[in-house]
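Engineer: No sequence on hand, only this structure:
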(Lines give C-alpha, C1' and ligand atoms only; values in the text may rest on other atoms or scores of the structure.)
Protein backbone atom coordinates (compact mmCIF):
# COMPACT_ATOMS: atom_id res chain seq x y z
CA UNK A 1 0.00 0.00 0.00
CA UNK A 2 1.64 3.30 -1.03
CA UNK A 3 1.79 6.09 1.52
CA UNK A 4 -0.49 8.81 0.14
CA UNK A 5 -0.51 11.20 3.09
CA UNK A 6 1.80 14.13 3.72
CA UNK A 7 5.27 13.15 4.88
CA UNK A 8 5.48 13.83 8.62
CA UNK A 9 9.16 14.82 8.19
CA UNK A 10 8.26 17.84 6.03
CA UNK A 11 8.64 21.31 7.58
CA UNK A 12 4.95 22.06 7.21
CA UNK A 13 3.29 25.18 5.90
CA UNK A 14 4.61 28.73 6.31
CA UNK A 15 2.32 31.37 7.80
CA UNK A 16 2.44 35.16 8.08
CA UNK A 17 0.35 37.40 10.32
CA UNK A 18 -1.92 39.99 8.66
CA UNK A 19 -4.59 42.41 9.89
CA UNK A 20 -7.27 39.78 9.35
CA UNK A 21 -5.36 36.95 11.01
CA UNK A 22 -2.81 34.38 9.99
CA UNK A 23 -2.43 33.68 6.27
CA UNK A 24 -0.66 30.73 4.69
CA UNK A 25 2.14 31.55 2.25
CA UNK A 26 1.71 29.82 -1.10
CA UNK A 27 4.99 29.43 -3.04
CA UNK A 28 3.70 28.02 -6.31
CA UNK A 29 0.53 30.01 -6.74
CA UNK A 30 -0.36 32.67 -9.28
CA UNK A 31 1.95 35.18 -7.63
CA UNK A 32 5.02 33.27 -8.75
CA UNK A 33 3.74 32.73 -12.26
CA UNK A 34 3.16 36.43 -12.88
CA UNK A 35 6.30 38.27 -13.99
CA UNK A 36 8.56 35.56 -12.49
CA UNK A 37 8.64 37.37 -9.15
CA UNK A 38 11.26 36.18 -6.70
CA UNK A 39 10.69 34.92 -3.18
CA UNK A 40 12.47 37.15 -0.71
CA UNK A 41 13.98 35.03 2.03
CA UNK A 42 14.54 38.07 4.20
CA UNK A 43 10.85 38.92 4.17
CA UNK A 44 9.92 35.34 5.00
CA UNK A 45 12.43 34.41 7.66
CA UNK A 46 14.44 37.36 8.89
CA UNK A 47 12.83 40.79 9.05
CA UNK A 48 9.68 40.13 11.08
CA UNK A 49 10.30 37.13 13.29
CA UNK A 50 7.50 38.04 15.73
CA UNK A 51 4.77 38.01 13.09
CA UNK A 52 6.05 34.97 11.22
CA UNK A 53 5.55 31.37 12.22
CA UNK A 54 7.65 28.88 10.28
CA UNK A 55 9.23 25.49 10.83
CA UNK A 56 12.81 25.03 11.97
CA UNK A 57 13.94 24.33 8.44
CA UNK A 58 11.83 26.94 6.69
CA UNK A 59 14.85 28.75 5.24
CA UNK A 60 16.27 25.54 3.79
CA UNK A 61 12.95 24.56 2.22
CA UNK A 62 12.32 28.05 0.88
CA UNK A 63 15.77 28.11 -0.69
CA UNK A 64 15.16 24.77 -2.36
CA UNK A 65 11.77 25.87 -3.69
CA UNK A 66 13.25 29.11 -4.97
CA UNK A 67 16.09 27.22 -6.65
CA UNK A 68 13.70 24.75 -8.31
CA UNK A 69 11.56 27.64 -9.51
CA UNK A 70 14.58 29.33 -11.13
CA UNK A 71 15.76 26.10 -12.77
CA UNK A 72 12.37 25.16 -14.18
CA UNK A 73 10.77 28.47 -15.18
CA UNK A 74 13.51 30.96 -16.00
CA UNK A 75 16.80 31.20 -17.84
CA UNK A 76 18.46 32.91 -14.90
CA UNK A 77 21.19 31.17 -12.98
CA UNK A 78 20.35 30.50 -9.34
CA UNK A 79 22.46 33.04 -7.48
CA UNK A 80 24.44 31.61 -4.59
CA UNK A 81 25.29 33.84 -1.68
CA UNK A 82 28.90 32.61 -1.52
CA UNK A 83 30.99 33.25 -4.65
CA UNK A 84 33.54 30.53 -3.84
CA UNK A 85 33.66 26.75 -3.91
CA UNK A 86 35.59 24.16 -1.93
CA UNK A 87 37.52 21.95 -4.35
CA UNK A 88 37.37 18.42 -2.99
CA UNK A 89 38.64 15.37 -4.87
CA UNK A 90 37.75 12.68 -2.35
CA UNK A 91 35.93 11.89 0.85
CA UNK A 92 37.47 12.72 4.22
CA UNK A 93 36.28 12.48 7.81
CA UNK A 94 35.22 16.11 7.68
CA UNK A 95 33.70 16.15 4.18
CA UNK A 96 32.04 13.50 2.06
CA UNK A 97 31.78 13.46 -1.72
CA UNK A 98 33.68 15.52 -4.26
CA UNK A 99 33.31 18.68 -6.33
CA UNK A 100 32.56 18.52 -10.05
CA UNK A 101 33.20 20.90 -12.93
CA UNK A 102 29.48 21.48 -13.36
CA UNK A 103 29.06 22.43 -9.71
CA UNK A 104 31.92 24.93 -9.97
CA UNK A 105 30.35 26.35 -13.12
CA UNK A 106 27.11 26.98 -11.21
CA UNK A 107 28.68 28.36 -8.02
CA UNK A 108 31.28 30.85 -9.27
CA UNK A 109 28.85 33.35 -10.81
CA UNK A 110 30.23 33.53 -14.34
CA UNK A 111 27.11 35.46 -15.41
CA UNK A 112 28.35 38.51 -13.50
CA UNK A 113 31.99 37.88 -14.44
CA UNK A 114 31.39 38.40 -18.18
CA UNK A 115 30.12 41.93 -17.46
CA UNK A 116 33.61 42.80 -16.18
CA UNK A 117 35.98 43.49 -19.08
CA UNK A 118 38.91 42.23 -17.02
CA UNK A 119 37.31 38.78 -16.77
CA UNK A 120 35.54 38.53 -20.13
CA UNK A 121 38.46 36.99 -22.06
CA UNK A 122 39.17 34.62 -19.17
CA UNK A 123 35.60 33.29 -19.08
CA UNK A 124 35.42 33.02 -22.89
CA UNK A 125 38.67 31.03 -22.99
CA UNK A 126 37.46 28.76 -20.18
CA UNK A 127 34.19 28.10 -22.03
CA UNK A 128 36.18 27.32 -25.17
CA UNK A 129 38.19 24.65 -23.32
CA UNK A 130 34.98 23.18 -21.90
CA UNK A 131 33.49 23.10 -25.41
CA UNK A 132 36.51 21.20 -26.73
CA UNK A 133 36.73 18.40 -24.18
CA UNK A 134 34.46 18.70 -21.13
CA UNK A 135 30.88 18.88 -22.40
CA UNK A 136 30.23 15.22 -21.63
CA UNK A 137 31.22 15.73 -17.98
CA UNK A 138 28.58 18.43 -17.32
CA UNK A 139 25.31 17.60 -15.60
CA UNK A 140 21.98 18.68 -17.05
CA UNK A 141 21.76 21.77 -14.80
CA UNK A 142 25.37 22.69 -15.61
CA UNK A 143 24.71 22.33 -19.35
CA UNK A 144 21.70 24.63 -19.09
CA UNK A 145 23.74 27.16 -17.14
CA UNK A 146 26.59 26.88 -19.66
CA UNK A 147 24.36 27.78 -22.60
CA UNK A 148 22.58 30.55 -20.67
CA UNK A 149 25.92 32.21 -19.92
CA UNK A 150 27.06 31.61 -23.50
CA UNK A 151 23.96 33.43 -24.75
CA UNK A 152 24.88 36.40 -22.53
CA UNK A 153 28.43 36.35 -23.94
CA UNK A 154 27.13 36.49 -27.51
CA UNK A 155 24.67 39.24 -26.61
CA UNK A 156 27.43 41.31 -25.01
CA UNK A 157 29.60 40.99 -28.12
CA UNK A 158 26.73 42.06 -30.37
CA UNK A 159 25.86 45.04 -28.17
CA UNK A 160 29.38 46.23 -27.30
CA UNK A 161 31.37 44.83 -30.29
CA UNK A 162 33.93 43.56 -27.77
CA UNK A 163 36.38 40.88 -28.98
CA UNK A 164 34.13 39.10 -31.52
CA UNK A 165 37.07 37.02 -32.83
CA UNK A 166 37.46 35.14 -29.55
CA UNK A 167 33.75 34.34 -29.33
CA UNK A 168 33.69 33.21 -32.98
CA UNK A 169 36.45 30.72 -32.18
CA UNK A 170 34.50 29.55 -29.13
CA UNK A 171 31.33 28.95 -31.15
CA UNK A 172 33.27 27.20 -33.91
CA UNK A 173 34.85 24.77 -31.43
CA UNK A 174 31.50 24.17 -29.73
CA UNK A 175 29.77 23.55 -33.05
CA UNK A 176 32.44 21.06 -34.16
CA UNK A 177 32.23 19.20 -30.84
CA UNK A 178 28.44 18.93 -30.93
CA UNK A 179 28.43 17.74 -34.53
CA UNK A 180 30.91 14.99 -33.71
CA UNK A 181 29.05 13.95 -30.55
CA UNK A 182 25.48 14.04 -31.89
CA UNK A 183 25.80 13.25 -35.58
CA UNK A 184 29.07 11.52 -36.44
CA UNK A 185 29.10 9.23 -33.42
CA UNK A 186 25.63 7.98 -34.27
CA UNK A 187 24.23 8.35 -30.77
CA UNK A 188 24.23 11.17 -28.29
CA UNK A 189 26.77 10.69 -25.49
CA UNK A 190 25.67 13.90 -23.80
CA UNK A 191 23.22 14.25 -20.93
CA UNK A 192 19.70 14.90 -22.25
CA UNK A 193 17.69 14.16 -25.36
CA UNK A 194 19.53 14.27 -28.68
CA UNK A 195 16.83 16.57 -30.09
CA UNK A 196 17.62 19.17 -27.42
CA UNK A 197 21.25 19.16 -28.51
CA UNK A 198 20.27 19.48 -32.16
CA UNK A 199 18.20 22.54 -31.24
CA UNK A 200 21.18 23.94 -29.37
CA UNK A 201 23.32 23.31 -32.42
CA UNK A 202 20.87 25.31 -34.55
CA UNK A 203 21.06 28.11 -31.98
CA UNK A 204 24.85 28.11 -32.21
CA UNK A 205 24.68 28.39 -35.99
CA UNK A 206 22.30 31.34 -35.60
CA UNK A 207 24.76 33.02 -33.21
CA UNK A 208 27.59 32.45 -35.68
CA UNK A 209 25.56 34.09 -38.43
CA UNK A 210 24.82 37.08 -36.21
CA UNK A 211 28.51 37.54 -35.40
CA UNK A 212 29.50 37.18 -39.06
CA UNK A 213 27.01 39.92 -39.96
CA UNK A 214 28.20 42.16 -37.13
CA UNK A 215 28.96 45.68 -38.32
CA UNK A 216 31.09 47.84 -36.05
CA UNK A 217 29.90 51.43 -36.45
CA UNK A 218 32.44 54.16 -37.11
CA UNK A 219 33.11 56.25 -34.06
CA UNK A 220 32.18 59.89 -34.52
CA UNK A 221 34.60 61.93 -32.44
CA UNK A 222 34.86 65.69 -32.58
CA UNK A 223 38.09 65.81 -30.57
CA UNK A 224 41.42 64.13 -31.17
CA UNK A 225 41.47 60.76 -32.86
CA UNK A 226 44.00 57.94 -32.81
CA UNK A 227 45.67 59.26 -35.98
CA UNK A 228 46.36 62.59 -34.27
CA UNK A 229 48.67 60.96 -31.73
CA UNK A 230 52.43 61.31 -32.32
CA UNK A 231 54.35 58.50 -33.99
CA UNK A 232 56.09 57.57 -30.74
CA UNK A 233 52.72 56.94 -29.07
CA UNK A 234 51.62 54.70 -31.95
CA UNK A 235 54.80 52.69 -31.57
CA UNK A 236 54.37 52.38 -27.81
CA UNK A 237 50.78 51.13 -28.18
CA UNK A 238 51.86 48.47 -30.67
CA UNK A 239 54.66 47.28 -28.40
CA UNK A 240 52.16 46.79 -25.55
CA UNK A 241 49.95 44.42 -27.56
CA UNK A 242 50.47 40.73 -26.86
CA UNK A 243 48.17 39.34 -29.58
CA UNK A 244 49.50 39.08 -33.12
CA UNK A 245 46.02 39.41 -34.63
CA UNK A 246 45.53 42.73 -32.84
CA UNK A 247 48.83 44.00 -34.25
CA UNK A 248 47.88 42.97 -37.79
CA UNK A 249 44.40 44.48 -37.53
CA UNK A 250 45.77 47.74 -36.15
CA UNK A 251 48.29 47.82 -39.00
CA UNK A 252 45.44 47.84 -41.50
CA UNK A 253 44.05 51.11 -40.11
CA UNK A 254 46.53 53.40 -41.90
CA UNK A 255 49.73 53.21 -44.00
CA UNK A 256 51.80 54.55 -41.10
CA UNK A 257 50.53 51.90 -38.71
CA UNK A 258 51.14 49.23 -41.35
CA UNK A 259 54.82 50.17 -41.52
CA UNK A 260 55.08 50.10 -37.72
CA UNK A 261 53.32 46.74 -37.49
CA UNK A 262 55.91 45.13 -39.80
CA UNK A 263 58.85 46.19 -37.62
CA UNK A 264 61.25 43.30 -36.94
CA UNK A 265 61.94 44.38 -33.37
CA UNK A 266 58.22 44.37 -32.61
CA UNK A 267 57.83 40.74 -33.71
CA UNK A 268 61.08 39.74 -32.02
CA UNK A 269 59.80 41.06 -28.70
CA UNK A 270 56.51 39.27 -29.26
CA UNK A 271 58.34 35.97 -29.85
CA UNK A 272 60.41 36.39 -26.68
CA UNK A 273 57.27 37.21 -24.71
CA UNK A 274 55.40 34.03 -25.70
CA UNK A 275 58.16 31.45 -26.26
CA UNK A 276 61.39 30.26 -24.67
CA UNK A 277 64.84 30.57 -26.24
CA UNK A 278 65.19 26.79 -26.65
CA UNK A 279 62.14 26.75 -28.88
CA UNK A 280 63.74 29.31 -31.24
CA UNK A 281 66.69 27.04 -32.01
CA UNK A 282 64.46 24.22 -33.23
CA UNK A 283 62.34 26.40 -35.52
CA UNK A 284 64.59 29.08 -37.00
CA UNK A 285 63.06 30.84 -40.02
CA UNK A 286 65.61 32.75 -42.10
CA UNK A 287 65.21 35.19 -44.96
CA UNK A 288 67.25 35.17 -48.17
CA UNK A 289 69.80 37.42 -46.51
CA UNK A 290 70.16 34.96 -43.58
CA UNK A 291 68.29 37.22 -41.20
CA UNK A 292 65.64 35.85 -38.88
CA UNK A 293 62.10 36.50 -40.10
CA UNK A 294 60.55 37.13 -36.68
CA UNK A 295 56.98 37.52 -37.94
CA UNK A 296 57.04 34.20 -39.76
CA UNK A 297 58.90 32.72 -36.80
CA UNK A 298 56.06 33.73 -34.48
CA UNK A 299 53.38 31.96 -36.52
CA UNK A 300 55.63 28.90 -36.92
CA UNK A 301 56.18 28.64 -33.16
CA UNK A 302 52.48 29.19 -32.57
CA UNK A 303 51.71 25.91 -34.36
CA UNK A 304 54.05 23.87 -32.14
CA UNK A 305 53.99 25.47 -28.69
CA UNK A 306 51.36 27.03 -26.40
CA UNK A 307 51.45 30.79 -26.07
CA UNK A 308 51.68 32.72 -22.85
CA UNK A 309 48.21 33.70 -21.65
CA UNK A 310 47.48 37.13 -20.22
CA UNK A 311 44.25 38.15 -18.49
CA UNK A 312 43.11 41.22 -16.60
CA UNK A 313 41.68 39.11 -13.76
CA UNK A 314 41.56 35.39 -13.04
CA UNK A 315 40.16 32.96 -10.51
CA UNK A 316 42.41 32.28 -7.53
CA UNK A 317 43.00 29.11 -5.56
CA UNK A 318 43.83 29.13 -1.86
CA UNK A 319 46.31 26.33 -1.17
CA UNK A 320 45.57 26.48 2.56
CA UNK A 321 41.76 26.20 2.31
CA UNK A 322 41.47 24.41 -1.08
CA UNK A 323 38.94 27.05 -2.13
CA UNK A 324 38.48 28.47 -5.63
CA UNK A 325 37.18 32.05 -5.77
CA UNK A 326 37.27 35.45 -7.44
CA UNK A 327 39.78 37.64 -5.65
CA UNK A 328 37.41 40.61 -5.39
CA UNK A 329 34.79 38.47 -3.63
CA UNK A 330 37.21 36.86 -1.17
CA UNK A 331 36.72 33.67 0.84
CA UNK A 332 36.74 32.60 4.53
CA UNK A 333 40.47 31.90 4.92
CA UNK A 334 41.97 30.66 8.21
CA UNK A 335 45.62 31.13 7.25
CA UNK A 336 47.82 33.61 9.13
CA UNK A 337 48.99 35.15 5.84
CA UNK A 338 46.21 34.58 3.27
CA UNK A 339 48.01 36.38 0.42
CA UNK A 340 50.91 33.92 0.55
CA UNK A 341 48.51 31.02 -0.07
CA UNK A 342 46.89 32.44 -3.21
CA UNK A 343 47.64 31.03 -6.64
CA UNK A 344 46.17 32.42 -9.90
CA UNK A 345 44.37 29.77 -11.94
CA UNK A 346 44.58 29.70 -15.73
CA UNK A 347 41.62 28.32 -17.73
CA UNK A 348 43.47 25.07 -18.41
CA UNK A 349 44.41 24.73 -14.74
CA UNK A 350 40.74 25.26 -13.86
CA UNK A 351 39.83 22.28 -16.05
CA UNK A 352 42.61 20.15 -14.55
CA UNK A 353 41.38 20.81 -11.00
CA UNK A 354 38.25 18.79 -11.74
CA UNK A 355 39.83 15.85 -13.53
CA UNK A 356 39.58 12.78 -11.32
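Structural biologist: That came in fine, so what should we check first? The structure presented is a predicted model; accordingly, all values stated were derived computationally and were not measured.
Engineer: Poorly predicted segments of the stretch 151-300 of the chain, please.
Structural biologist: 183-189, 219-222, 283-290 (pLDDT under 70).
Engineer: Can you show me the helices along it?
Structural biologist: Applying DSSP state H, counting those that start in this stretch to the stretch 151-300 of the chain gives helices spanning 164-179, 194-212, 231-239, 244-251, 255-261, 264-274, 277-282, 294-304.
Engineer: Packing partners of the helix or strand that comes right after the last one?
Structural biologist: Following the chain from helix 294-304 toward its C-terminal end, the next helix or strand by DSSP states H and E is strand 315-318. Using 3 or more CB pairs under 8 Å, 6 or more residues apart in numbering; DSSP states H and E as the contact definition, the elements that strand 315-318 packs against are strand 323-326, strand 342-345. C-beta here means a position set from N, CA and C on the backbone, and glycine is covered the same way.
Engineer: What pairs with strand 315-318, parallel or antiparallel?
Structural biologist: strand 323-326 (antiparallel), strand 342-345 (antiparallel) (DSSP bridges).
Engineer: closest one to residue 293 among these?
Structural biologist: Among those, the nearest to residue 293 by CB to CB is strand 342-345 (34.0 Å).
Engineer: Run through who's touching that closest one.
Structural biologist: Residues from elsewhere that reach strand 342-345 (CB atoms under 8 Å, 6 or more residues apart in numbering): 314, 315, 316, 317, 318, 319, 324, 327, 353.
Engineer: Adding distance to residue 298, mean pLDDT and mean neighbour count as columns, could you present the helices and strands packed on strand 315-318 in CSV?
Structural biologist: Formatted as CSV, the helices and strands packed on strand 315-318 follow (distance: least, CB to CB, whole Å; pLDDT from 0 to 100; neighbours: other CB atoms under 10 Å):
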stretch, distance to residue 298, mean pLDDT, mean neighbour count
strand 323-326, 33, 88, 21
strand 342-345, 25, 90, 15
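Engineer: any idea how far residue 337 is from residue 84?
Structural biologist: As for residue 337, its distance to residue 84 is 19 Å (criterion: CB to CB, to the nearest Å).
Engineer: now that we have the contacts of strand 342-345, which one has the most neighbours?
Structural biologist: Among the contacts of strand 342-345, the one with the most neighbours (other CB atoms under 10 Å) is residue 315, at 27 neighbours.
Engineer: in terms of contact, does that residue touch residue 353 like I think?
Structural biologist: No. Between residue 315 and residue 353 there is no contact, the gap being 9.6 Å when judged by CB atoms under 8 Å.
Engineer: shared neighbours, these two?
Structural biologist: 324, 345.
Engineer: Would you mind naming the helix or strand containing the residue most central in space within the chain?
Structural biologist: Centroid-nearest residue in the chain: residue 123, 3.3 Å away (criterion: CA atoms, centre = their mean). Residue 123 is part of helix 117-133 when elements are defined by DSSP H and E.
Engineer: List the buried residues for that helix?
Structural biologist: Buried positions in helix 117-133, judged by neighbour count with 16 or more other CB atoms under 10 Å: 119-131.
Engineer: Put together JSON lines for the residues you listed, with pLDDT on each row.
Structural biologist: What follows is the buried residues of helix 117-133, written out as JSON lines (pLDDT from 0 to 100):
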{"residue": "119", "pLDDT": "90"}
{"residue": "120", "pLDDT": "92"}
{"residue": "121", "pLDDT": "92"}
{"residue": "122", "pLDDT": "93"}
{"residue": "123", "pLDDT": "93"}
{"residue": "124", "pLDDT": "93"}
{"residue": "125", "pLDDT": "93"}
{"residue": "126", "pLDDT": "93"}
{"residue": "127", "pLDDT": "94"}
{"residue": "128", "pLDDT": "93"}
{"residue": "129", "pLDDT": "93"}
{"residue": "130", "pLDDT": "92"}
{"residue": "131", "pLDDT": "92"}
